[in-house]
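> The sequence and its predicted three-dimensional model are supplied below.
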Amino acid sequence: MKIDQAQEADYEVAKISHIGFVDPYAVEGLLILKAENGKEFTMRAFSGEVARHISSFIKEQRNAIPTIYNMIEQICEENEIVLVKVKIYESGEVLRANLYFTGKKDIVLRNYRASDGIALAAFYNIPILIRKNLLKEHMEA
């Protein structure tokens, strides 16, 4: 899907460049979103279970899909809508996601967990837009 950058002036399209875990027990997930301009955003403090789902979706392994994804897919099919993009932004001290559906009717679901929004974007292979102010220059170790 082509994103109209004029309409999305405060956002950059980003891709998941890394997904993994913060701890050796895979309890806390970590991911890096990378924009086309090379800037990155590191996200952590989300469940390891969601990180595992994102990782499998990126590898196009959809054999163990959580029920909620099936429910969303069925709702979309029944209402003739599709998820077309996810926007990630800060709301106070937490990250949130808006989910944009289009079809018979345009719908925006607001203020969902960013990790769930990113998981859905990976599942449907749709654009992830992130607020420009969250992106930072890549720092070499």
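Structure received.
> Following element in sequence after the helix or strand of the chain with the lowest mean pLDDT, please.
For the chain, counting by mean pLDDT, DSSP states H and E, helix 67-79 ranks last in confidence among helices and strands (a mean of 90). Stepping forward along the backbone from helix 67-79, the first helix or strand reached (DSSP states H and E) is strand 81-91.
> Would you mind pulling up the elements that that next one packs against?
Packing contacts for strand 81-91, counted by 3 or more C-beta pairs under 8 Å, 6 or more residues apart in numbering; DSSP states H and E, involve helix 67-79, strand 94-103, helix 114-124, strand 128-131. For every residue, glycine as well, the C-beta is placed using N, CA and C.
> Where does the prediction get shaky in this protein?
Within the chain, the ranges that satisfy pLDDT under 70 run 1-7, 139-141.
> 50 instead?
1-2 (pLDDT under 50).
> Find the centremost residue of it, please.
In the chain, the C-alpha nearest the mean C-alpha coordinate belongs to residue 118, at 1.6 Å (C-alpha atoms, centre = their mean).
> my guess is that residue meets residue 95, correct?
No. With contact taken as C-beta atoms under 8 Å, residue 118 and residue 95 are classed as non-touching, separated by 9.4 Å.
> Identify the contacts common to the two.
43, 88 (C-beta atoms under 8 Å, 6 or more residues apart in numbering).
> one step back: who touches the least confident helix or strand of the chain?
Contact partners of helix 67-79, identified using C-beta under 8 Å, 6+ apart, comprise 82, 83, 101, 103, 104, 105, 120, 123.
> Please tabulate those residues in JSON lines, including the columns neighbour count and distance to residue 17.
Rendered in JSON lines, the data for the contacts of helix 67-79 read as follows (neighbours: other C-beta atoms under 10 Å; distance: C-beta to C-beta, whole Å):
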{"residue": "82", "neighbour count": "15", "distance to residue 17": "25"}
{"residue": "83", "neighbour count": "21", "distance to residue 17": "22"}
{"residue": "101", "neighbour count": "19", "distance to residue 17": "26"}
{"residue": "103", "neighbour count": "14", "distance to residue 17": "30"}
{"residue": "104", "neighbour count": "9", "distance to residue 17": "35"}
{"residue": "105", "neighbour count": "9", "distance to residue 17": "34"}
{"residue": "120", "neighbour count": "23", "distance to residue 17": "18"}
{"residue": "123", "neighbour count": "21", "distance to residue 17": "18"}
